[in-house]
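Student: next comes the sequence, and after it the predicted model I'd like to discuss.
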Amino acid sequence: MKHLFLAVTICILSTAARAQHIAAYSADDVIHRTSSKDTVYIINFWATWCAPCVQELPEFNTLQERYAQQPVKVLLVSLDFKEDHTFRLEGFIAKKHLEPEVVWLSETDPNVFIPKIEPSWEGSIPATIIVAPGKQFKKFIEGQVTERQVSGIVDKVLAK
């Protein structure tokens, strides 16, 4: 019994050690955070309860690895509910081994935050924005994306 208790304790502690701290961001915070002129940003809006979102998350791990040595930043913006933000989201990130930074959008009124982020966004998720402020480039994609699709866009932006 002691061995079982020890094994469970080690598993819990190692999962907690790997968990990211999930910062709460407003739409303005997301915009500000992704405004450096020397970086290309891949921003994905998703939620743990959205099956297509969860299905595409490994694509962002691949993108994070692919552009690790380049001026490209992947940011995953969770639209999970406030009550799920702290415990459920952190556990989910650890379980799915998400490598990109994850933040939680603390705004709850889509009529306010959507027009700030992307006026053409109809509100469905997943949604991805590729933005390069220094190159005056912005591409919005509503729906699932693949690593190949996003990297094709990012590679063209980096080549400019």
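Tutor: Nice, I can see it.
Student: where does this protein have low pLDDT?
Tutor: Residue ranges of the chain with pLDDT under 70: 1-20, 85-86.
Student: helix or strand for the most centrally placed residue in it, which one?
Tutor: In the chain, the residue lying closest to the centroid (CA atoms, centre = their mean) is residue 76, at 0.7 Å. Here residue 76, judged by DSSP states H and E, is contained in strand 72-78.
Student: in its sheet, what does that strand sit against?
Tutor: Sheet partners assigned to strand 72-78 using DSSP bridges are listed as strand 40-46 (parallel), strand 101-105 (parallel).
Student: hmm, residue 44 and the residue nearest to the centre of the chain touching each other?
Tutor: Yes: at 5.2 Å, residue 76 counts as touching residue 44 under the criterion of CB atoms under 8 Å. Every C-beta, even on glycine, is put in place using the N, C-alpha and C of the backbone.
Student: distance of the nearest residue to residue 88 once chain neighbours are set aside from residue 87?
Tutor: Nearest non-adjacent residue to residue 88, counting by CB to CB, 6 or more residues apart in numbering: residue 48, 6.4 Å away. For residue 48, the distance to residue 87 equals 11 Å [CB to CB, to the nearest Å].
Student: quick one, which of these two is more surrounded?
Tutor: Counted by other CB atoms under 10 Å, residue 48 and residue 87 do not tie: residue 48 has more neighbours, with 19 against 10.
Student: so that one sits in a helix?
Tutor: No: applying DSSP: H, G, I helix; E, B strand; the rest coil, one finds residue 48 to be coil, outside a helix.
Student: if we can go back for a sec, overlap in contacts of residue 48 and residue 87?
Tutor: When CB atoms under 8 Å, 6 or more residues apart in numbering defines a contact, no residue borders residue 48 and residue 87 alike.
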